[in-house]
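> I'd like to go over a predicted model; first the sequence, then the structure.
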Amino acid sequence: MILRSDQLAAHLAKPLAPLYVVHGDEPLLTIEAADAIRAAARTQGYAEREVLIAGGSFRWEELFLAAGNMSLFGGDKLVDLRLPTGKPGREGGDALQRYCKQPPRGVLMLVTLPQMDWQMKKSAWFLALVATGVALELNAPTLTALPEWIAGRLKRQRQGAPREALEFIAAHVEGNLLAAHQEILKLGLLYPEGEISLAQIEVAVLNVARYDIGKLRQALTGTDPARCARVIEGLRAEGAAPPLVLWAIATEARNLFQKVPARRRAARAAILHAARIDRLIKGVARGDLWDEFLQLSLRLTRPA
């Protein structure tokens, strides 16, 4: 059974399934979901929890030993299985399938995984887990959906904000949900319940954006010049390695040349521009490196 994140609270108010699988690309969301499942398990009488971390040296018979041992407190038991790599290997995959064929009574298993690609989602062991229990995929909202996510979090603490204020927070956290979560909690401490104005949020919210090469590539492919400029300034402030920045921009220029025939002229000019920046990095030419990065990015995001 596959469950949406907004269905979890209502689901946990009912008798729990024998197995839960939590995976996704956003640690904050997966941690919160796993915490909610553990809390519901305690409420429903799962008095003991045993944590298993399936690393490289993990012995899979420990899973069956943990599930077979009775709770010391006389109640049901939660087995908290964590696969940091998301790859149990052949032995682990076989063990998980055996477990799913006959889940032990009085045991709830929580399996925590990282982001799963389409191949991993089609693996026999993952399909067995989903068929036996409940699966939740928890990915970060897109940048365009982030203001609504922030609005939902504010609503939990009985606060609200106008659209421009939500967009202001989203721009300043640049997709970092943990930072957004912290800023929202701070607003709850600073201001009473009700509507918070843009001016109040501007005073309270820090610029906690986390810029990286991946976000630069997203801005380039999204043809968003304002975001490109913001990300490049962030990379500059954080001391990002210029060769990595050049690699990201040049890669998108080559992709544009190969995939969009109507933009080949601009892409060719961008590739030549990237070659000039490469000489700047190597010290054989003069110029403002970060200004050149900005100009090159704007060249790629300019409408055809």
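It's in.

> domains for the protein, by residue range?
2-137, 146-204, 213-301 (automatic domain parsing).

> can you redo those domains as CSV with mean pLDDT?
CSV is the format used below for the domains of the chain (pLDDT from 0 to 100):
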stretch, mean pLDDT
domain 2-137, 90
domain 146-204, 90
domain 213-301, 86
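
> Make a markdown table from those and add mean neighbour count to it.
Where you see a C-beta, it was placed from the backbone N, CA and C, and this is true even at glycine. Listed next are these as a markdown table, based on neighbours: other C-beta atoms under 10 Å:
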| stretch | mean neighbour count |
| --- | --- |
| domain 2-137 | 16 |
| domain 146-204 | 16 |
| domain 213-301 | 17 |
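
> Next one: residue 164 from residue 171, what distance?
Computed as C-beta to C-beta, to the nearest Å, the residue 164 to residue 171 distance reads 10 Å.

> actually residue 107, not the one I wrote
Taken as C-beta to C-beta, the span from residue 107 to residue 171 is 46 Å.

> just residue 135 next, same as before
33 Å.

> likewise residue 192?
25 Å.

> Equivalent analysis for residue 139, please.
Distance from residue 139 to residue 171, by C-beta to C-beta: 20 Å.

> With residue 46 instead?
Separation of residue 46 from residue 171 (C-beta to C-beta) stands at 42 Å.

> Ok, residue 236 next?
Distance from residue 236 to residue 171, by C-beta to C-beta: 17 Å.

> And residue 259, by the same measure?
If you go by C-beta to C-beta, the gap between residue 259 and residue 171 works out to 29 Å.

> Also residue 16?
According to C-beta to C-beta, residue 16 and residue 171 sit 40 Å apart.

> likewise residue 122?
37 Å.

> same question, residue 277
27 Å.

> any idea whether residue 136 is helix, strand or coil?
Recorded secondary structure, residue 136: strand (DSSP: H, G, I helix; E, B strand; the rest coil).

> and it, bridged to which residues?
Beta bridges link residue 136 to residue 3, residue 22, judged by DSSP bridges.

> dump the residue contacts of it.
2, 3, 4, 5, 8, 20, 21, 22, 23, 24, 33 (C-beta atoms under 8 Å, 6 or more residues apart in numbering).

> Could you rerun that using 7 Å?
3, 5, 8, 22, 33 (C-beta atoms under 7 Å, 6 or more residues apart in numbering).

> what separates the second one from residue 157, distance-wise?
Think residue 5. 18 Å.

> same question, residue 76
Applying C-beta to C-beta to residue 76 and residue 157 gives a distance of 33 Å.

> can you check residue 238 too?
Taking C-beta to C-beta, one finds residue 238 at 31 Å from residue 157.

> by contact count, what packs against the one helix or strand residue 110 maps to?
For residue 110, the element it lies in under DSSP states H and E is strand 107-112. In terms of contacts (3 or more C-beta pairs under 7 Å, 6 or more residues apart in numbering; DSSP states H and E), strand 107-112 is packed against strand 19-23, helix 27-43, strand 76-82.

> Figure out how far that strand is from the centre of its chain.
21 Å (C-alpha atoms, centre = their mean, to the nearest Å).

> for stretch 58-69, same thing?
Centroid separation for stretch 58-69 versus its chain: 30 Å, with C-alpha atoms, centre = their mean.

> try stretch 109-116
With C-alpha atoms, centre = their mean, you get 14 Å for stretch 109-116.

> measure that stretch end to end?
19 Å (C-alpha to C-alpha, to the nearest Å).

> Which residues are in contact with residue 57?
For residue 57, the contact set (C-beta under 7 Å, 6+ apart) is empty.

> That one: what secondary structure?
Going by three-state DSSP: residue 57 is coil.

> Likewise for residue 283?
Each residue gets one of three states, and residue 283 gets coil by three-state DSSP.

> Adjust the sequence numbering to begin at 22 for everything that follows.
Shifting the count to begin at 22 puts that one at residue 304.

> what's the spacing between it and residue 314?
For residue 304 relative to residue 314 (C-beta to C-beta), the value is 16 Å.

> Give me the residue at the spatial middle of this structure.
residue 47 (2.4 Å; C-alpha atoms, centre = their mean).

> Next, give phi and psi for that one.
The phi and psi values for residue 47, taken as degrees, to the nearest 10, are phi -120, psi 110.

> Contacts only, for it.
159, 160, 161, 198.

> and if we set it to 10 Å?
53, 136, 159, 160, 161, 162, 196, 198, 199 (C-beta atoms under 10 Å, 6 or more residues apart in numbering).

> these two touch, right, the fifth one and residue 197?
Yes. Taking contact to mean C-beta atoms under 10 Å, the distance of 9.0 Å between residue 161 and residue 197 places them in contact.

> and the end-to-end length of stretch 38-52?
19 Å.

> Surely residue 150 is within a strand?
No. With three-state DSSP as the criterion, residue 150 is helix rather than part of a strand.
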